[in-house]
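Trainee: I'd like to go over a predicted model; first the sequence, then the structure.
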Amino acid sequence: MSNPHLLFHHFGLAVTQPHQAKAFVSAQNYRMGETVFDLEQNVFSILCVHETEPAIEILWPGGTKGPIDDLTRRNPSGIIYHICYETGNLAGALASLEEDGNHVICIAAPKTAPLFGNREVSFYNLIGIGLIEILS
């Protein structure tokens, strides 16, 4: 059941305001990347990396209607809402997920993401698992 096409990349943390999340991960010795506004997804985000711990992407609403607005409204104290995997073969990764018995529903088709050097990201709901992002 191992998927040779997927490599863990980061956890996605949605918050209403980034200040507390940034302070918390900084206190845990994470390095903060640059804050980036993703016009297409209407979110601000920052990637936080650590020498030995998993990376964390902090996301917050962009000011007008966007994909995490309802999530942050329902969870005002913040919530980890996605796991991101990296792949060099999106079609192969999705096929392997299905072959392993997962029911995969595309939530957002691939689109460029400024936070990741304009590489493409797409989102999928794995029934019984939750939301995953795939960076390709």
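Mentor: Now that the structure is in, tell me what you want to look at.
Trainee: how far away is the closest residue in space to Leu94 that isn't next to it in sequence from Tyr124?
Mentor: Among residues not flanking Leu94 along the chain, Val104 sits closest, at 6.1 Å (C-beta to C-beta, 6 or more residues apart in numbering). All C-beta atoms are positioned from the backbone trio N, CA, C, and that covers glycine. Distance, Val104 to Tyr124, by C-beta to C-beta, to the nearest Å: 5 Å.
Trainee: try Ile80
Mentor: 17 Å.
Trainee: any low-confidence regions in the chain?
Mentor: Along the chain, segments meeting pLDDT under 70 span 1.
Trainee: helices along that one, start to end?
Mentor: For the chain, applying DSSP state H gives helices covering 19-27, 69-74, 90-99.
Trainee: returning to that earlier point: wait, what's in contact with the residue nearest to Leu94?
Mentor: Residues near Val104 by C-beta atoms under 8 Å, 6 or more residues apart in numbering: 94, 97-98, 124-126.
Trainee: mind exporting stretch 121-136 as PDB, just the C-alpha atoms?
Mentor: Output in PDB follows, covering the C-alpha atoms of stretch 121-136 (Å, rounded to 0.1, in the frame of the first residue of the first chain):
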ATOM      1  CA  VAL A 121      -0.900  22.200  -6.600                       C
ATOM      2  CA  SER A 122      -4.100  20.300  -6.600                       C
ATOM      3  CA  PHE A 123      -6.400  19.200  -3.800                       C
ATOM      4  CA  TYR A 124      -8.200  15.800  -3.400                       C
ATOM      5  CA  ASN A 125     -10.600  14.400  -0.800                       C
ATOM      6  CA  LEU A 126      -9.700  10.900   0.100                       C
ATOM      7  CA  ILE A 127     -12.800   9.400   1.500                       C
ATOM      8  CA  GLY A 128     -12.100   8.200   5.100                       C
ATOM      9  CA  ILE A 129      -8.800  10.100   5.200                       C
ATOM     10  CA  GLY A 130      -9.400  13.800   4.500                       C
ATOM     11  CA  LEU A 131      -8.000  16.500   2.300                       C
ATOM     12  CA  ILE A 132      -4.600  16.100   0.600                       C
ATOM     13  CA  GLU A 133      -2.700  18.600  -1.500                       C
ATOM     14  CA  ILE A 134      -0.400  17.300  -4.200                       C
ATOM     15  CA  LEU A 135       2.500  19.500  -5.200                       C
ATOM     16  CA  SER A 136       3.700  18.600  -8.700                       C
END
